[in-house]
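Undergrad: Structure, please.
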Amino acid sequence: MTNRELSAHVRDGAAPWLIEEAAADVERQAAEFAALPLEGDVPAALVYTSGTTGRSKGAVLTHDNFAANATVLNTCWRMNSDDRMLLGLPLFHVHGLGNAVHTWLTTGYRVRLLERFRKETIFDEFLDFQPTVFFGVPTMYERLLAAPHDMARAIGSRMRLFVSGSAPLPAARLERFRELYGHTILERYGMSETLMNISNPYAGDRRPGSVGKPLPGISIRLVDPSAADATQEVGEGDTGELLIKGANVFSGYWRQPEATRDAFTPDGYFRSGDLAVRSSDGYYTLQGRKTELILCGGFNIYPREIEEFLCEQPAVAEAAVVGIADNVKGQVPIAYVVSSGEALDEESLLDCCREHLASFKLPRKIIRVDALPRNALGKVQRHLLPSEEYG
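TA: Next comes the predicted model:
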């Protein structure tokens, strides 16, 4: 959508929707529509969860949820009418819909909406549109690392903010991106049910591997995931389940009263199912989903710790760790890795793990795959990884 004056700059093949024509249509049809009162707690969208750890559920998000999220992001990320957003995210999820579309609607910045993110054309889009802001998922940032140094610096010179979410951003990828583009990606944490909860600061320390601190107006509680209730909070450096409360949190699951009831504590906190560790100065680092926890001989293994270590190795581009059944220990970890293009030797990689990881965290097998199965938002679909047995 653009105005008549700017429509001359729309690239060939694109069909602009003129604001003047849209306004005229609205005026002509105004008499056909009845004005209805609208309260903030009225549902605005039915957003389905990713379904990577179970059956997808419809999260009912209200107008107040979207308004609260946009207000916080506009303030904390300094979104404004002078920004230019290059948007290649799908709009059926909260990353594209809740963050990008609603910050655009509430600030009036200019946006170029791509049909999809294509590695073949994305650099041309950056150079042509010259955005100041880009929201992406980790797989997109991996593709952006293919830019030549001079091109990356030219793109970075016009940018003020790169944001990553929807899936964990490996710390090694953040560092490589910073070296190439001259920008530290801002990583944040949100969910279909809550929109955004935690974010690294716009001005301040953006820590690799961390999603930052709770956003204004959002309360976070970190509780023992093995406890029967949600009142036993864990200390600094200990892993706990994230509980969330705030104006951003959804009203419930569509036509699933039991699932809605189970999702909240008696005092109104949403049980995220995500595990995290809090540092002494309040930064949170995600450890994975409760359902991904590997129980090995009485030890808790958090896949992300092993995945981060594997991704630090030059020969590894991506990694996913899962637990498989073991007759003695209950479960043992195995790792699926994608080569970065360098020679990848599974035994050498296992030797490196033996040197740096505790023995119970050592992957019992490393399996090379061409790619990790992911959904449209870049989340690894672990249940689609090739099945393996360990003897």
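
Undergrad: What's the separation between the residue found closest to Val10 once you drop the neighbours it is linked to in the chain and Glu355?
TA: Computed as Cβ to Cβ, 6 or more residues apart in numbering, the closest residue to Val10 that is not its neighbour in sequence is Pro16, at 4.7 Å. (Glycine included, C-beta is placed from N, CA and C.) To Glu355, Pro16 is 58 Å away according to Cβ to Cβ, to the nearest Å.

Undergrad: More neighbours: these two, which one.
TA: With neighbours defined as other Cβ atoms under 10 Å, Pro16 and Glu355 compare such that Pro16 has more, 16 against 7.

Undergrad: residue contacts, that one?
TA: 1-2, 7, 10 (Cβ atoms under 8 Å, 6 or more residues apart in numbering).

Undergrad: what about the closest residue to Arg368 other than its chain neighbours, which SS state?
TA: Nearest residue to Arg368, sequence neighbours excluded (Cβ to Cβ, 6+ apart): Val337, at 5.9 Å. Following DSSP: H, G, I helix; E, B strand; the rest coil, the label given to Val337 is strand.

Undergrad: Val337: neighbour count?
TA: Neighbours of Val337 under the rule other Cβ under 10 Å: 25.

Undergrad: show me where the stretch 101-250 of the chain has strands.
TA: For the stretch 101-250 of the chain, applying DSSP state E, counting those that start in this stretch gives strands covering 110-113, 133-136, 161-164, 186-191, 195-199, 213-214, 219-223, 239-245.

Undergrad: Show me what the fifth one is packed against.
TA: The criterion is 3 or more Cβ pairs under 8 Å, 6 or more residues apart in numbering; DSSP states H and E, and the helices and strands that strand 195-199 contacts are helix 63-76, strand 186-191, strand 213-214.

Undergrad: Same check on the last one?
TA: Where contact means 3+ Cβ pairs under 8 Å, 6+ apart, strand 239-245 is packed against strand 219-223, strand 270-278.

Undergrad: looking at the ones you listed, which is closest to Asn69?
TA: Minimum separation from Asn69 across those (Cβ to Cβ) falls at strand 270-278, 14.3 Å.

Undergrad: List of residues touching the closest one?
TA: Strand 270-278 has contacts (Cβ under 8 Å, 6+ apart) with 53, 189, 191, 193-194, 211, 222, 225, 230, 236-245, 249-250, 262-265, 284-291, 293, 302.

Undergrad: mind checking the end-to-end distance for stretch 257-277?
TA: By Cα to Cα, to the nearest Å, the extent of stretch 257-277 from end to end equals 31 Å.

Undergrad: Please renumber the chain so that the first residue is 43 from this point on.
TA: Got it, the first residue is 43 from now on, which makes the last one we talked about stretch 299-319.

Undergrad: So for that stretch, what gets flagged as buried?
TA: Buried residues in stretch 299-319, counted by 16 or more other Cβ atoms under 10 Å: 302, 305-306, 311-319.

Undergrad: can I see the domain layout of this structure?
TA: The record's domain parsing of the chain by automatic domain parsing lists 43-78, 82-331, 335-426.

Undergrad: looking at those domains, which has the lowest confidence?
TA: Note on the domains of the chain: lowest mean pLDDT is at domain 43-78, with a mean of 77.

Undergrad: tell me the contacts of the residue minimising distance to the centre of the chain?
TA: With distances taken as Cα atoms, centre = their mean, the residue of the chain nearest its centroid is Ser208 (1.6 Å). Contacts for Ser208 were tallied using Cβ under 8 Å, 6+ apart; they are 135, 137, 179-180, 419-421.
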